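> dropping a prediction and its sequence here:
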Amino acid sequence: MDSDGPDLARVDLGAPGLARVVDHLLGGAHSFAVDREAADVLESEVPGIRRAVHQTRSFQGRAVRYLLDQGVRQFLDLGAGLPGVGSVHEVAAASGRPARVVYVDIDPMAVAHARHMVRLVPNTAAVLSDLRSPALVFEHEEVRAVIDPDQPLGVLLTDVLPALPEPIGDVLDGYLDRMVAGSYLALAHPTSEGWPGAEGRTSETWAPVVLRTVAAVHALWDRVDLVPPGVVPVGDWRPDHPVEEVRQESTVPVLAGLGRVRPEA
């Protein structure tokens with residue numbers, strides 16, 4: 001890594017980093033041996049996790065393309081990890097409609113890596129902040145330099161919701177209260193149904209998660225108008241392939257959806 005990159009001397013090579021593990025599961029190259037070993041352990045503990053990660057990232061890409069079609073040109077990716085395979089700015093650039101993008105994460109080393117990865121990308125930033133405090137995120141100097149709060153915004157929470165304890169609704173309300181009408185909220189969340197015991201196993205490791213019921217996950221969209229087809233299995237949301245084919249491949253209980261902020265939200 002060159003001098004503009006993260007300070008690798010500060011990386012604890014004895015401990016995996018969640019952002020790097022996810023990047024490895026996606027097929028990226030930004031991981032160390034300890035991360036790849038942790039990914040193997042995670043796959044053995046939670047069968048289907050790799051497919052879940054891939055399908056969730058694919059959903060995010062489809063959601064971003066949909067928002068670009070609606071004229072949205074700025075995005076806030078919360079709990080973003082590393083902006084590698086299928087990241088928001090890559091999807092926007094590939095569509096021919098570059099957008100303003102801010103990646104937010106609480107992990108200092110993940111943010112250091114992310115800053116290095118997007119250092120040459122116009123109108124793109126990686127910010128160290130706690131997404132559980134929407135006020136801090138929106139008031140961050142780098143966020144304010146990229147995001148115009150008076151314009152429609154796409155807020156993406158596709159990889160991080162299981163890491164948030166209750167009351168998760170208060171966090172979502174904090175973002176919705178700051179988003180103008182015509183903005184969108186994209187969410188993806190694994191459910192406790194279909195992965196029996198997964199929560200207990202992962203809670204005992206380095207990557208604790210909260211798996212919520214199907215009803216609790218559906219309730220996350222209460223303040224937005226859902227874009228068809230609504231809240232559905234992640235592979236079924238406006239798939240690039242026929243739904244029947246996707247359903248045959250969908251084996252992970254992740255629900256996803258995209259909602260439009262109402263004028264009164």
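Yep, it's here.
> please make it C-alpha for all contacts and neighbour counts, starting now.
Noted.
> in the helix or strand harbouring residue 215, what's buried?
According to DSSP states H and E, residue 215 maps onto helix 214-218. By neighbour count with 16 or more other C-alpha atoms under 10 Å, helix 214-218 contains the buried residues 214, 217, 218.
> partner residues bridging the closest residue to the second one other than its chain neighbours?
Spatially, and ignoring its direct neighbours in sequence, residue 217 is nearest to residue 189 (6.8 Å; C-alpha to C-alpha, 6 or more residues apart in numbering). On DSSP bridges, the residues paired with residue 189 through beta bridges are residue 255.
> what sits against residue 189?
Applying C-alpha atoms under 8 Å, 6 or more residues apart in numbering, we find residue 189 in contact with 158, 159, 161, 162, 211, 217, 254, 255, 256.
> least confident of these?
Lowest pLDDT among the contacts of residue 189: residue 211, with 77.
> any stretches of this structure with poor pLDDT?
Along the chain, the model assigns pLDDT under 70 to residues 1-14, 16-19, 24, 26-33, 39-40, 43-46, 194-209, 242-252, 264-265.
> strands of that one, start to end?
Assigned by DSSP state E, the chain shows strands spanning 74-78, 100-105, 124-128, 154-157, 184-190, 224-226, 232-233, 254-261.
> how about the closest residue in space to residue 153 that isn't next to it in sequence, what does it touch?
Nearest residue to residue 153, sequence neighbours excluded (C-alpha to C-alpha, 6+ apart): residue 183, at 4.7 Å. Applying C-alpha under 8 Å, 6+ apart to residue 183 gives the contacts 72, 151, 152, 153, 154, 155, 260, 261.
> before we move on, what about residue 91?
Here residue 91 is in contact with 61, 64, 65 (C-alpha under 8 Å, 6+ apart).
> for it, give its distance to residue 83.
Residue 91 sits 11 Å away from residue 83, going by C-alpha to C-alpha, to the nearest Å.
> same check, this time on residue 57
Taken as C-alpha to C-alpha, the span from residue 57 to residue 83 is 11 Å.
> one more: residue 219?
Residue 219 is 28 Å from residue 83, by C-alpha to C-alpha.
> quick one: which of the two has more around it?
When residue 219 and residue 83 are compared for neighbours, residue 83 comes out ahead with 23 against 11, by other C-alpha atoms under 10 Å.
> got phi/psi on the more buried one?
phi -80, psi 70 (degrees, to the nearest 10).
> span of stretch 147-157 from start to end?
Stretch 147-157 has an end-to-end distance of 17 Å (criterion: C-alpha to C-alpha).
> for that stretch, buried residues please.
Neighbour count says stretch 147-157 has 147, 152, 153, 154, 155, 156, 157 buried, by 16+ other C-alpha under 10 Å.
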